[in-house]
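> pasted the sequence and its predicted model underneath.
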Amino acid sequence: MTSEQVQFQEFFAAHYPRLRRLGYWLTGDWMEAEDLAQEAMVRTFWRWPIVRRHDRPQDYARKVLVNRHRSLLRRALVRTRHAARTDDAAPVAASDPTDALVLWEATRRLPARQRAVVVLRFQEDLSEAEVARLLQLPVGTVKSTSSRALARLREQLGPAAEDLVGKVTRRTDEA
């Protein structure tokens, strides 16, 4: 085995679980998350001789995963453009769930871009600049999208919103 292959195996072992979790946060489905994480790792492996020279090759893999997810969303949008969407307006219904489940349900209802920004910004704890770079958006767009997403979460969650949304945003602000 070459040293490049050994380096990639170490990279894979260290970063695959986090990529898979990011895939789950973006899709809400472990199978889709697994597919996204695997594809990100395959594409990273193909370019490993170049990628490994970067300070943070995990950023490349994360960007591949996010871009692939965006591509799949675009395809799904084309397929369902004219289909009626009835589940978007459903209120958050929870009878004594944990905070994380309530917040996840509300996050899942966000539009794809808002969900991606919230997950990368607050779950993955990336800066606005990092999220902008990953999603190929201006920093101002990330800020406004984040603001709109948090407002929508507050609207969906009602009285519990300040507690739940505050926990997420405070964690990032304190870092």
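Happy to help now that I have it. Bear in mind the structure is a predicted one, so any value in this text is a computation, not a measurement. Numbering: from 1, shown residues only.

> mind giving me the domain ranges of this protein?
The record's domain split for the chain, according to automatic domain parsing, is 3-80, 99-174.

> and those, which one is worst for confidence?
Out of these, domain 99-174 stands lowest, with a mean of 81 (criterion: mean pLDDT).

> okay if I get the domains of the chain as TSV plus mean neighbour count?
The way it works is simple: take the backbone N, C-alpha and C, and place the C-beta from them, glycine included. Rendered in TSV, the data for the domains of the chain read as follows (neighbours: other CB atoms under 10 Å):
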stretch	mean neighbour count
domain 3-80	16
domain 99-174	17
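
> now do the helices in this protein.
Across the chain, reading from the start of the chain, the helices by DSSP state H fall at 3-27, 30-46, 48-51, 57-80, 99-108, 112-118, 128-135, 139-157, 161-174.

> list the contacts of the fourth one.
It refers to helix 57-80. Contacts to helix 57-80, defined as CB atoms under 8 Å, 6 or more residues apart in numbering, come from residues 11, 15, 18-19, 22-23, 26-27, 36-37, 39-41, 43-44, 47, 51, 54, 112, 116, 120, 124, 130, 133-135.

> cool, the shortest one as well?
With CB under 8 Å, 6+ apart as the test, helix 48-51 has contacts from 4, 7, 8, 44, 57, 60, 61.

> next: the longest one.
Under the contact criterion CB under 8 Å, 6+ apart, helix 3-27 has outside partners 30, 32-37, 40-41, 44-45, 48-49, 52, 57-58, 61-62, 65-66, 69, 107, 115-116, 119-120, 123-124.

> report the angle between that helix and helix 57-80.
Between the axis of helix 3-27 and that of helix 57-80 there is an angle of 40 degrees, by axes from the mean of the first three to the mean of the last three CA atoms, to 10 degrees.
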